[in-house]
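the following block contains a protein sequence and its predicted model.
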Amino acid sequence: MNRIVLPLASFAFLLSAWWFLSTLDQFSAVLPSPVTVATTMRDDLDLYPSNAAITVSTAAQGFVWGNAIAIGLVVMTMPFRRLQALVERVAVGAVALPLIAVAPVLAIAFQGNTPGVILAAQAVIFPTTVAAILGLRSVDRASVEIALAAGGSQWTAIRKVRIPAAIPQLVAGLQIAAPSAILGAIIGEYMGGTQGLGVAMIQAQGTFDVPRVWGLAIVTTVIAAAAYAGIPLLARLLLPWSRVPLTVLGARADHTANRGWHLVPVRLGAALVTTAVGVLVMWWVAVQLIPGGEYVARGPGDVLPYLTSESTQLITAADATEGSALDHLLSNLGRTIFDASIGFGIGLVAAVLAAVLAFQWVFIERILMPVSIALRSVPIVAAMPLLAIVFGRGLLAITVLVTIMTFFPTLVNLLLAMRSVPQSATDVFAAAGAGRLMRLRKLYLPYSLPALLASVKIALPLSIGAAMVAEWLATGQGLGAAMTVAATVSDYNFVWAGVVVVLFTSLIAYHIAAQLEQQALKRLS
Amino acid sequence: MSAETLTRPVSRRLFLRQTSAAGVLAASAATGIPLLSACGSGAEEGGDERLDIKLAWIPNVEYAGFFVAADHGLYTESGVEPNFLPGGPNSSVIPLISSNQALIGIEAIPENVANAIGSGSNLKIVGAMFQRSPECWVSLASDPILEPTDIEGKRLGITLAGKNTALVFMRENGVDPAKVELVPIQFDPAPLVAGEIDALWGLASNQPVSLQLRGHETAVMPLADFGFNRMQNVLFVTEETLADEAKSGTVRSFLKASQEGWQAALRDPAGAARITVEEYGADLGLDVDEQTMSLEAVRPFIERDAGDDHPQFWMSDELIQETITSLDFIGVRADESMFSNEVLG
């Protein structure tokens, strides 16, 4: 009964809220009433199938490629921790690459819908890599030891213990990845396409056909939600036993946390140096490998002299900002880090609160999930006019955008973790008469800590990326804005310097989060 | 791995798990295959006739003349087979031309090409679709902005890419930039109607038309009236293309057929709009009446002055000088050597 009534009620609530807002003067220009949108959608009915087919096909190809690459690499590197750490970092690097730098490179190297496929795959690789690593490692250590003691190799343990146990986490990872893949495909269409939901959206925005933009956004959301809902069903169909919960009470996660807190600064220092060297090497290699790279790519040999030189094309027109390119870069980077940190902090707290509430009261999940899927899959370029009117163009707008980007993965991961608390543990708490809060504090939250920490790791690079998008579309300050301006004046030296500092910052932030994760897990185990 | 399966019995459940997991991966691989086959570019197929044109925006009536030329078979008659690569808000044109992925590029604003030349690209502008700049400040008719100084104390919406230009334009016209709030917007006029900005930096051929269609009357202040006129929607190629006899011949044939296409399009805007919608925009929900209106709005910027016998796209010396002055005005260096009419017959 509740399964039908509650979603309907929440749907009705959303609809009436929308209706009410659309009657307000300040929103009426960008937010048509539900009736107008519904009428437009009915008239546009033959617009959707052909465009959706193209976008979905691009997204599906990227989804399959990205996941195959991510899962394949993680499984293959499972016995080799250091190699796996490298894979993880490359995945972070992939998600931290700003679109403004990726777009021209993809445009040169590929045609047709291939850039969209690559962007979809790029969006998918990171969440899936983290989910796969988390899933494969969060197995009951005893089971792995039994497999090894029985004469099995690491590979046996991977095949027979780790992969089966990782299925729920992997399914959650794929669920998180699905709306990202659709968003990636649509961004690909924003780079140039003849057909697809993104192209239709540009067309509708350009002719100020606001109801049509909303209709297209709704269709996009329905597709993303269908993918989100369909993936667990598919998994259940193919792997009916994958819902078997972990058997041992308080299964100890299989994490290695060698050495203690006092070595953290040393390891961070080492990470700083190795990351810097790694980024420089990858940078140099990438510039050599990119097809047609000499036209848009700038290697360390070009950028370093540029940064130390006193002149930059960027500052010539605006008289207020005199200074070297390096000053310009660093002040903008500082701005971006500030923007991202605020958004990250607030977004994380919001997601944890939402996850706890959604876990306690299913109807909250039923309201939150569609909204967060929608926000995650609608291209921000299309949503920005509304967001800017509601939230302004300051720190609030950045915080909202960062939250939109990080909220969904955190919510899904945390909910899954709280749901996979073994029944036996819940029974023990129930038998002891523990109340709701007690269970939350002593059982569910500690149990989901690895998932929370993994979410932090995911959210950090996503925050930096989202802050840069917000700077580009909303505030016009910080690295996201500066790189956009640089790209339009063909100042690729600045663009690449920006890419490199963003990459470095994301990797270091990720490294700090990983250190925190290790230490926390060590204390727990 | 096979050794392990021999030494220990495999439970049915484990076996099923593994095989179905393998099945999923196999299925994934199967659906993924089309990507690889789609990767190859058709470089060999076309040989010398291969003619890719990278547009700055999605295909719509802004490029109607080209589509009419294709529809009327003018390109086939000239022995070229153009392939139009669509653009978009995140699309970049110049790198595609510099790297020879496309032969001809169309950039909305010449300063992008001039900047690229300034940073070492060997490009040359070989024609201009817009003989006058349609750039303007668009405001609502209820609160019109008709002089640059009207913007003081108000909010001007502009893309990030145009920010530098806006600052210089205002300073040159006696506006104190400190008294203007610059709001970063995209291509969509929603912020103006929503009252978030008082004017937007737009195109007379674009936002005023779509706003009027939705019932919002606008006021337009052309920048050309305030010392900032230049050619727009410029066609450009690499210098190597111009030096290569076969390639420059292809470009010449393409432009010749395109000129006729544009003449036909301007003679019959409704027909041109219909061709554009049917051939390129039916699936995007383009509307013939709206596209006809847009084409009419573009017309004054494309048509040449009475008595000007030069062919379409031709850049007169005055226009080139005016463009150089305007670019200089916003701090972009340009000179005559960046422009050439040599492929316009």
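Arrived safely, thanks for sending.

tell me, how many residues neighbour the nearest residue to B:L213 once chain neighbours are set aside?
Leaving aside its sequence neighbours, B:L213 sits nearest to B:E290 (C-beta to C-beta, 6 or more residues apart in numbering or on different chains; 6.1 Å). Yep, even glycine has a C-beta here, placed from its N, CA and C like the rest. Residues lying near B:E290 (other C-beta atoms under 10 Å in any protein chain shown) number 18.

in the chain, where is pLDDT below threshold?
The chain I'm using is chain A. A:1-4, A:6-7, A:100, A:240-261, A:291-294, A:310-323, A:524-525 (pLDDT under 70).

actually it's chain B I care about, not the one you picked
The model of chain B has pLDDT under 70 over residues B:1-49.

now the helix or strand A:L119 falls within: buried residues?
Assigned by DSSP states H and E, A:L119 belongs to helix A:114-137. Residues of helix A:114-137 classed as buried: A:114-137 (neighbour count, 16 or more other C-beta atoms under 10 Å in any protein chain shown).

from the contact counts, what lies against it?
The contact analysis (3 or more C-beta pairs under 8 Å, 6 or more residues apart in numbering or on different chains; DSSP states H and E) places helix A:114-137 against helix A:48-76, helix A:81-96, helix A:99-109, helix A:163-190, helix A:449-470, helix B:12-39.

quick one: which of these is nearest B:S210?
With C-beta to C-beta as the criterion, B:S210 lies closest to helix A:163-190 of these, at 18.7 Å.

center of the chain, which residue is that?
With no chain named, the answer covers chain A. A:L462 (5.3 Å; C-alpha atoms, centre = their mean).

oops, I was thinking of chain B
Judging by C-alpha atoms, centre = their mean, chain B has its centre closest to B:A56, at 1.9 Å.

which residues does it contact?
By C-beta atoms under 8 Å, 6 or more residues apart in numbering or on different chains, the residues touching B:A56 are B:G87, B:S91, B:V93, B:I106, B:E107, B:A108, B:N233.

and it, helix, strand or coil?
Secondary structure assignment for B:A56 (DSSP: H, G, I helix; E, B strand; the rest coil): coil.

quick revisit: out of the contacts of B:A56, which are close to chain A?
Under the cut-off given by C-beta under 8 Å from any C-beta of the partner chain, chain A has B:G87, B:S91 from those close to it.

show me the domain layout of the chain.
No chain was given, so I picked chain A. For chain A, the structural domains run A:28-248, A:260-525, going by automatic domain parsing.

switch to chain B, please.
Domains of chain B are assigned by automatic domain parsing as B:51-133+B:233-338, B:135-226.

dump the domains of chain A to CSV, plus distance to B:R214.
Shown next, in CSV, are the domains of chain A (distance: least, C-beta to C-beta, whole Å):
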stretch, distance to B:R214
domain A:28-248, 5
domain A:260-525, 14
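
most packed of those domains?
domain A:28-248 (a mean of 22; mean count of other C-beta atoms under 10 Å in any protein chain shown).

kindly report the residues of the stretch 201-345 of chain B close to chain A.
Residues of the stretch 201-345 of chain B found near chain A (C-beta under 8 Å from any C-beta) are B:206-207, B:210-211, B:213-214, B:280-281, B:283-286, B:290, B:330-331.

quick one: the helices in the stretch 251-400 of chain A?
Counting by DSSP state H, counting those that start in this stretch, the segments of the stretch 251-400 of chain A that form helices are A:264-289, A:293-296, A:300-308, A:325-360, A:362-377, A:380-391, A:395-419.

chain center to the first one: distance?
Here the centre of helix A:264-289 is set off from its chain's centre by 23 Å, with C-alpha atoms, centre = their mean, to the nearest Å.

repeat that for the third one.
Here the centre of helix A:300-308 is set off from its chain's centre by 31 Å, with C-alpha atoms, centre = their mean.

list of residues touching it?
Here helix A:300-308 has contacts from A:280, A:283-284, A:298, A:312, A:324-326, A:329, A:493-494, A:496-497, A:500, using C-beta under 8 Å, 6+ apart.

what of stretch A:441-458?
A:126-127, A:130-131, A:134, A:138, A:250, A:253, A:255, A:348, A:351-352, A:356, A:359, A:406, A:409-410, A:413-414, A:416-418, A:421, A:425-426, A:429, A:434, A:510, A:513-514, A:516-517, A:520-521, A:524.
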